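Trainee: sequence and predicted structure, then a few things I'm wondering about:
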Amino acid sequence: MPRAMWKGSVTFGLVHIPVRMTTAVRDQTIRFHRLSEDGKSRIRTKLFNPDTDEEVDYTQTTRGFEIAPDKYVVVEDEEIETLSPEAGHTIDIEDFVGLSEIDPIYYDRPYYLLPGEGGAKPYRLLVAAMEKADRVGIARFVLREKQHLAAVRVSQGGLCLSLMNWHDEVVKLKDAGEIPDEKADPKQVGLALHLIDQLTRPFDPARYEDTFRGELMALIKRKAKGEEIEIAPSRPADEKVVDLMEALKKSLAAKERTPGRPAKKATAKSSRAKKSA
């Protein structure tokens, strides 16, 4: 059982539900240490004070906000705690909204909320009510000295909390770059719809695996056994198909030749696509 990383209460109205929060994802990234060039010594990072030319222990540091070049305002932990003394113990649901109203761009990292001591009955009540209402709770809470916006929703018969980006953190698409406004060719749209139809299937997360991570782990195991790794020549860049219509036709032809894929019944979309083509 994973250790709780946060304990407190979910609140909505005057209802308080004791919960404990655990991580809902496990990072599987393969991480490397930096070593000396001969691979025998691990390189470590140390805190260093350039003014005194001395190494500094973390316990000898404080936090500061830079207000001008090399000028800082020092803020103590106790001062931060006085700003919102109860915020670190409650997940305050302020509103309930429809799930489809939330653009996925606002979601960040997910966590599970499990009932805390004495919280089983109100926890079950909130799960049942939210599931029947088909609503998501929008809440605020503090985690690791930072206030977060979060979405609380029903998942797998329990509660899942997803950290969210604040609205002023999300860059608008129009500010990221220019979007072409010319209309797409109807025939190309028809072929694209046909291709989308060919690629449509129920979502199964187990179908998608990190193949690079698997290959990298296999390489590490081979080297650990003393096996010499032959460096393969770099692959030439794929030939680019300049004609978009030709690219769509080639994609459709490739999908129709894919073995083991169940045949699909004609749909309204695919019928339209055939007529457009």
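Mentor: Received, thanks.

Trainee: wait, is P110 part of a strand?
Mentor: Yes - using DSSP: H, G, I helix; E, B strand; the rest coil, the assignment for P110 is a strand.

Trainee: count of residues packed around the residue lying closest to it once chain neighbours are set aside?
Mentor: With C-beta to C-beta, 6 or more residues apart in numbering as the criterion, P110 has its nearest non-adjacent residue at 4.2 Å, and that residue is A24. Every C-beta, even on glycine, is put in place using the N, C-alpha and C of the backbone. Here the number of neighbours of A24 (other C-beta atoms under 10 Å) works out to 16.

Trainee: phi and psi next, for A24.
Mentor: The phi and psi torsions at A24 (degrees, to the nearest 10) take the values phi -100, psi -10.

Trainee: what about the helices in the stretch 1-150 of the chain?
Mentor: Ranges of helices in the stretch 1-150 of the chain, per DSSP state H, counting those that start in this stretch, are 77-83, 120-133.

Trainee: likewise for the stretch 151-277 of the chain?
Mentor: 173-176, 186-199, 211-224, 244-256, 268-276.

Trainee: now the second one: buried residues?
Mentor: Read it as helix 186-199. G190, L191, A192, L193, H194, L195, D197, Q198 (16 or more other C-beta atoms under 10 Å).

Trainee: thinking again about what came up before, residue contacts, the residue nearest to P110?
Mentor: Contacts for A24 (C-beta atoms under 8 Å, 6 or more residues apart in numbering) come out as P110, Y111, Y112, C160.

Trainee: out of those, who's nearest G214?
Mentor: Nearest to G214 among the contacts of A24, counting by C-beta to C-beta, is P110 at 23.6 Å.

Trainee: so the closest one sits against M21, correct?
Mentor: No - with contact defined as C-beta atoms under 8 Å, P110 and M21 do not form a contacting pair (10.6 Å).

Trainee: contacts for stretch 214-231 next, please.
Mentor: By C-beta under 8 Å, 6+ apart, stretch 214-231 touches I30.

Trainee: which of the helices of the stretch 151-277 of the chain comes out lowest on mean pLDDT?
Mentor: Out of those, helix 268-276 stands lowest, with a mean of 44 (criterion: mean pLDDT).

Trainee: that older thread, and the buried residues of helix 186-199 as TSV, adding distance to A206?
Mentor: Shown next, in TSV, are those (distance: C-beta to C-beta, whole Å):
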residue	distance to A206
G190	33
L191	30
A192	27
L193	28
H194	27
L195	24
D197	23
Q198	21
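
Trainee: ok, those residues vs E79, which is closest?
Mentor: A192 (57.0 Å).

Trainee: skipping adjacent residues, who's closest to the closest one in space?
Mentor: A192's closest residue in space is L248 (C-beta to C-beta, 6+ apart), at 6.1 Å.

Trainee: can you get me a residue count around that neighbour?
Mentor: Neighbours around L248, by other C-beta under 10 Å: 20.

Trainee: hang on, it packs against V189?
Mentor: No - using C-beta under 8 Å, L248 and V189 do not qualify as a contacting pair, with a distance of 9.8 Å.

Trainee: ok, the closest residue to K46 other than its chain neighbours - contacts?
Mentor: In space, and not counting its chain neighbours, K46 is closest to E55: 5.4 Å by C-beta to C-beta, 6+ apart. Contact analysis of E55 by C-beta under 8 Å, 6+ apart lists K46, L47, F48, N49.

Trainee: need the max-distance pair from these.
Mentor: K46 and N49 (10.6 Å).

Trainee: neighbour-wise, which of these two wins?
Mentor: N49 (11 against 7).

Trainee: which residues does Y112 contact?
Mentor: M21, T22, T23, A24, S155, G158, L159, C160, L161.

Trainee: so which of those is the most crowded?
Mentor: The contacts of Y112, ranked by neighbours (other C-beta under 10 Å): first place L161, 26 neighbours.

Trainee: who's that residue bridged to?
Mentor: Beta-bridge partners of L161, counted by DSSP bridges, are Y111, V152.

Trainee: now do the contacts for it.
Mentor: M21, I91, P110, Y111, Y112, L113, A139, A150, A151, V152.

Trainee: among those, which pair sits farthest apart?
Mentor: Y112 and A139 (14.9 Å).
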